[in-house]
Each structure stands twice: as structure tokens, then as C-alpha cells.
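Chemist: starting from these lines, generate the structure:
(2 chains)
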Amino acid sequence: MSAAVDRTLAIASNTFREAVRNRAFIGLMILAIAFLFFSLVLSELAVRGEKVRVILDFGYFAVGLFGVVIAVVMGVILVYKEIEKKTIFTIIPKPIHRFEIIVGKYLGMTALLILEVGLMAVVWLLALWLKDAPISWDILKSLILIFCEILMVASVAILFSSFSSPILSGIFTIGIFVIGRVVHMVDQMLNARRGLFVDVPALRPFGEVLVAVVPDLQVFNVTQDLLLNLPVSTSYVVASIGYAVAYIVCFISLAVILFQRRDFI
Amino acid sequence: MNDVGAPPPVMEVSNLRKSFRIGLRMKRVEAVKGISFQVQPGEVFGFLGPNGAGKTTTIKTCMGLIRPTSGTVRLFGADHESLHVRTRIGFLPEHPYFYDYLKPVEILDFYGRLFGIEQRERKRRIERLLDRVGLSHAKDRTLRRFSKGMLQRVGIAQALINDPDLVVLDEPLSGLDPIGRKEIRDILVDLRAARKTIFFSSHILSDIEMICDRVAIINFGKLQSIGTLEQLLHPDRMSTEITFMSHDPELLERVAKVSQRVDRLGDYSRCVVDGRPDVVLKMLVDGGVSIDSVTPKRESLEDLFVKEAIRGAREQQMERNQ
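Modeler: Residues are numbered from 1 along each chain as shown, chains lettered A, B, ... in the order given. The predicted structure is shown next:
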């Protein structure tokens, strides 16, 4: 058991080390931090009383956006590159189970995303502190929720890149992300028995499948609550973490099954 | 059947078949068609075949990268996918590629961790291996800056990090300059001296001839020949090359009648005679011609390789016609 953990951690630390030096990651991080600093400049243009709101809104958007972009880009690059560039040929013949490779890759990605979200959070909080904005626990909770969403997107990226090309994996992952952000509306339409899915009956089963399969990423979006100073309850955060973990386990398990059956030609 | 008490073959491939579905129509292509062979402990086994013969598919199946359609692979008498077996194997794939942003020390440390080698021991082995493959000077450079030959050396080093009993090398000498080739060949010779079993494929036949105890030739997914070089290269299939100093057209015409071919080489002429050269030598001596050299030529691995490639192509054509 401990040997399996050691091997998985070896894959994870190697993934993290490789990714953190990757130019794509460094470039995106610089861009993300520059974007957050830009919110400081932008806030100066806001009317009095709205400055903090601009930083809050902008920061929330930036952490989420760059988190997802990095999760997609790195998730797709890390597994696909391993297969396409054939590094995997030197790993599979080693005494390691295939599932350990996928789990290790995901843990490496998680470490990378902790670094990414952590750095962005520090810059965001610094920007808020510079503007004398109150830093509440709710901001921290919102960061945890963003992180859950990013981790879920990363698991989708790893799932797709375990069997398809990087471009397709990227498109599929972004597709799931976009659908995940709007799937609650599909659910509402289906429940209210109006809208597109009722007007075009042939689409209804499609809508039902989307609601059943695609994770509702809106669960992790508490921007409105933050902006309206509404509290984000701890029980809500815990339930959302559970929701994310359940989906991540499903996606990673599916990735493992596909990876397990794959021939590396 | 093995003798009681004798160690099992290091590698035992039985009736191995592998088919792939390719293209939009999912056309079935059989890359390996029922191959069987064994590699014994301490043997250096050369695996030859033209491009697309099924060599790499066979090797990848043995290494667990590809699942066989049917047939079995056993390594050290156990299932080839068992983790215990894998601790005893070192594998270098064809055209190896490693993580761009890592350094050789980091890469080797990573592979060492996969084998569960303790940190201090890893450090010791890495230093020794880098020295052995001639990369000590570049150990702090990221692999992005490495040439193809340097990457090949990293590949060899990672294949040896666990001090394996079986070393499987797919085209280990490709992409190397003559010095690099010699260095890798020396490593293989050292491994042989250490009684390691080596299984390697190569297009460089002279290297195979120099190092291997036994060879197998594969073509169109089938095993065509297997045996020691002595068994495969028929000593009786011998020709003799005679170089002599004469361009006399009448003599050359007479020599041509009993030779395989006659060429002109500057001041000299050269003829190749099948079997014994007595008749031509007598002809030249009687004609008062100065003989420069008489060189017996045995069948080379290259001759055998070409012959088997032609035979395989012919059989393939016949199968298609049927």
C-alpha cells in the first residue's frame, strides 16, 4: 500500500515540477497576476463607494477564469504530452499500476492549482487590503468554492486527454465547463415545462441527459452573495465540496478505466 | 519444456498475435501473427526486421504497453504485467522523449522512486549512471537543451536505474554519432559481462553481429529465422574475392565465365567467385598476372537480413493472392 502511495506521489511531484516550469503555466500566471493588479487601476475609475466592488468582482472573475484556463491547458498538456511524446513508454513498464499514473497526474495538477489559486488569492487579498476593503471569511469560502470548480474542470481535462488529442480535449473540457455553468438553467426550464426543451420535444431527452450527467458549476459561483454582502454558510461550502469530490471521483475513475484499456502504440 | 531446476527463460513469447483497427472504416490489421520465441538467462538477443515488420509492437506488448490480441508473454516465468517482474526490467523505447523542463538528475530520481529505491542509493546510482553514459557534464541542464544523442543516453540511464536483470532496448543505437554508438555498445558489452540478459532491436546489423549471441528475424509480423549467428549464417555459402593487377580483356573475359562478377578498380581488377577459387587462381597464375589479394567472404547478417526480407515479401504476396 505504502509503495503504491510512494509511486503515486512520485508521479504527482514530477508532474508538479514539470508543470511549474512550463512556459505556458508561467505565462498564464504572469497574465493572471497582471490582470488582478489591473483591477486596482480600474477601481480608480469607479465612482466613490464602488471601488471595492470593482476589485471584488474583478478578482473573483480573474481567479475563476485563469484557474479554469490553467486547469484546461495544463490538464490537457500534461496527460496528452505524456502519451504523444511517448514519455509514458518509459513509465508503464516500471513497477507501477496504470491507475497510479492517472491519480498521480491529478494530484500533481491539484498541487499546481493550489499554487495558482493561492498566489492569485494573495494578490487579490492584497489589492482589497490596499483599498481598505473588509476581508471577510466569506471571501475565503468563495475561494474554496472557486478551487472546487477548478479541480473539477481539471478532472474533466484529464479524463478527455486520457483518450483524445489536446485540441479535442480542450474543446470538450471547455464545452463541459460552459454547459456546467448553464445547466442549472436547463434544469429550471425542464422543471418549469417551458422554453426550448418543451418547444422542441426532441431536445427534451438531450436536456435531461445534460442535467443528469454534467455537473452544475453554478453551485460554486457565489459572486452575487459576495457583492450583496450575503453570508455564505459553512454547511453550503461543505455540501459543495462533497458535490465536487463526488464528480471528481467519477471523472478520474472513468479516466482510469479508459487509460487502463488503452494500447500505447 | 524446461529441465527440472533450470531457471525459466527470461522471456517467453508464445503464439503472440496483435491486431489493430485503423482508419475510419476500422480496417483490421494484424501487426504480429503468432510469434513464439524464448530468451535464455544471460543471453544477448538481437531482434531484427525491416520497418513495419512488427518488432516494436512485439516489444511494446512484452513491456505491457500494448495488450495482446491472443498469446502470452512470460518474463522470468511470471506474467509480464506483474509488478514484481517489472522491478527486474529496464526498458529503452525507440526515440525516447523525456520531460522538457527537468534535469537528468531529476528525471533519473523520478524513475528511481518508481522502483522504490531508497534516496541515498538513488543518488549514488544516478551519479554513477550519468558518468557511465557520459552525461555528468550536463546533469544540471534541462532536457529541452539536449540533443537526440544525449536524450538517448538519458534513456539508457533510466533503463539501468534499477540494475535490471533484463534490459530491453528498442533501437538503442539510432540517432547516435559513431562515438556515441561505441559508448553505448561498450555499455552493452559490460552488461553482458555482468551476465545481464539483453534483448534489443536494431537496424544497425554490424552492431548486432558484434554483440548478439542469438538473433531472430521478423518480417510481416511473422518470425522468419531464429538461432545463433553460426546457425543462421551458413559457412558453406562462401564466396571469394580476388584482386589482381591486369586489365587484359581476353583474360577478364575468361575469368568472367567462371566468376559471379568482375569489376575494374583503378589499376586492379576484382572478381567474386562462388565456392572455391582454385580455377580462377590457376587461370591468373598461368597468365603470369600479379595477384594482390584473395579474401574469403562468408554470408553476412546483412545478406541474411535482405534474403529474409525478400522471402517474407514473397510469402506475403502469395498469401494475398490466395
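Chemist: with adjacent residues omitted, what lies nearest to residue B:256?
Modeler: Of all residues not flanking residue B:256 in the chain, residue B:262 sits nearest, at 4.7 Å (CB to CB, 6 or more residues apart in numbering or on different chains). In this view, the C-beta of every residue, glycine as well, is placed from N, C-alpha and C.
Chemist: return the list of strands paired to the helix or strand hosting the one you found, each annotated with direction.
Modeler: Assessed by DSSP states H and E, residue B:262 sits inside strand B:261-265. For strand B:261-265, the paired strands and their directions (DSSP bridges) are strand B:268-274 (antiparallel).
Chemist: angle of the helix or strand following the partner strand against strand B:261-265?
Modeler: Proceeding C-terminally, strand B:268-274 gives way to helix B:278-286 as the next helix or strand, assigned by DSSP H and E. If you take axes from the mean of the first three to the mean of the last three CA atoms, to 10 degrees, helix B:278-286 sits at 40 degrees to strand B:261-265.
Chemist: what lines up beside the next helix or strand after helix B:278-286 in the sheet?
Modeler: Later in the chain than helix B:278-286, the nearest helix or strand by DSSP H and E is strand B:290-298. Here strand B:290-298 has these sheet partners by DSSP bridges: strand B:238-245 (antiparallel).
Chemist: and the partner strand, how far out from the chain middle?
Modeler: In this view, strand B:238-245 has its centroid 30 Å away from the chain centroid, taken as CA atoms, centre = their mean, to the nearest Å.
Chemist: tell me which parts of the stretch 1-150 of chain B are close to chain A?
Modeler: B:20, B:57, B:60, B:63-67, B:83-84, B:86-87, B:89, B:91-93, B:95-102, B:106, B:110-111, B:113-116, B:142 (CB under 8 Å from any CB of the partner chain).
Chemist: how much space between residue A:137 and chain B?
Modeler: 38 Å (CB to the nearest CB, to the nearest Å).
Chemist: neighbours of that residue, just the number please.
Modeler: Other residues near residue A:137 number 10, with proximity taken as other CB atoms under 10 Å in any protein chain shown.
Chemist: and residue A:22, by the same measure?
Modeler: Count around residue A:22 with other CB under 10 Å applied: 20.
Chemist: ok, residue A:50 next?
Modeler: Neighbours of residue A:50 (other CB under 10 Å): 12.
Chemist: which ones are touching residue B:55?
Modeler: B:47-49, B:170, B:201, B:218 (CB atoms under 8 Å, 6 or more residues apart in numbering or on different chains).
Chemist: where does the stretch 1-150 of chain B have low pLDDT?
Modeler: B:1-5 (pLDDT under 70).
Chemist: quick one: the helices in it?
Modeler: Using DSSP state H, counting those that start in this stretch, the helices of the stretch 1-150 of chain B run over B:55-62, B:83-86, B:104-114, B:119-132, B:148-160.
Chemist: the stretch 151-265 of chain A too?
Modeler: For the stretch 151-265 of chain A, applying DSSP H, counting those that start in this stretch gives helices covering A:166-192, A:196-199, A:204-213, A:223-227, A:234-261.
Chemist: so for chain B, which of the ones you listed sits nearest?
Modeler: helix A:234-261 (7.9 Å; CB to the nearest CB).
Chemist: name the helices or strands packed onto the closest one?
Modeler: Contact here means 3 or more CB pairs under 8 Å, 6 or more residues apart in numbering or on different chains; DSSP states H and E; on that basis helix A:234-261 packs against helix A:98-130, helix A:137-161.
Chemist: report the contact partners of residue 119.
Modeler: Answering for chain A, as no chain was given. Taking CB under 8 Å, 6+ apart, one finds A:29, A:33 in contact with residue A:119.
Chemist: in chain B, which helix is the longest?
Modeler: helix B:301-321 (DSSP state H).
Chemist: in that one, what's buried?
Modeler: B:301, B:304-305, B:308-309, B:312 (16 or more other CB atoms under 10 Å in any protein chain shown).
Chemist: for the most centrally placed residue in chain A, give its distance to residue A:124.
Modeler: Among the residues of chain A, the one closest to the centroid is residue A:150, at 1.5 Å (CA atoms, centre = their mean). Separation of residue A:150 from residue A:124 (CB to CB, to the nearest Å): 14 Å.
Chemist: follow-up on the earlier one: any idea how many residues pack against the residue nearest to residue B:256?
Modeler: Residue B:262 has 18 nearby residues by other CB under 10 Å.
Chemist: then residue A:70?
Modeler: 26.
Chemist: could I get the contacting residues of it?
Modeler: Applying CB under 8 Å, 6+ apart, the residues near residue A:70 are A:25, A:28-29, A:32, A:112-113, A:116, A:150.
Chemist: now with 6 Å, please.
Modeler: Taking CB atoms under 6 Å, 6 or more residues apart in numbering or on different chains, we find residue A:70 in contact with A:28, A:116.
Chemist: do you know how far it is from chain B?
Modeler: 16 Å.
Chemist: pLDDT of the strand or helix carrying that residue, averaged?
Modeler: Using DSSP H and E, residue A:70 sits within helix A:51-84. What helix A:51-84 shows for mean pLDDT is 83.
Chemist: list the buried residues of it.
Modeler: Quick answer for helix A:51-84 (16+ other CB under 10 Å): A:51-52, A:54-60, A:62-64, A:66-83.
Chemist: where in the stretch 1-150 of chain A is pLDDT low?
Modeler: Looking at the stretch 1-150 of chain A by pLDDT under 70, you get A:1, A:48-49.
Chemist: count of residues packed around residue A:125?
Modeler: Counted with other CB under 10 Å, residue A:125 comes out at 16.
Chemist: repeat that for the one 3 residues further on.
Modeler: Residue crowding around residue A:128 was assessed by other CB under 10 Å; the count is 21.
Chemist: who are the neighbours in contact with it?
Modeler: A:55, A:135.
Chemist: measure it to residue A:234 for me?
Modeler: In terms of CB to CB, residue A:128 sits 21 Å off from residue A:234.
Chemist: check whether residue B:200 sits in a helix, strand or coil.
Modeler: For residue B:200, the assignment made with DSSP: H, G, I helix; E, B strand; the rest coil gives strand.
Chemist: gap between it and chain A?
Modeler: Taking CB to the nearest CB as the measure, residue B:200 falls 15 Å from chain A.
Chemist: show me what contacts that residue?
Modeler: B:169, B:172.
Chemist: give me the beta-bridge partners of it?
Modeler: residue B:46, residue B:169.
Chemist: which phi and psi does residue B:163 have?
Modeler: phi 50, psi 60 (degrees, to the nearest 10).
Chemist: closest approach to chain A from the stretch 151-300 of chain B, which residue is it?
Modeler: residue B:158 (5.9 Å).
Chemist: what's the neighbour count on that residue?
Modeler: If you count neighbours by other CB under 10 Å, residue B:158 ends up with 26.
Chemist: my guess is it meets residue B:111, correct?
Modeler: Yes - under the criterion of CB atoms under 6 Å, residue B:158 makes contact with residue B:111 at 4.7 Å.
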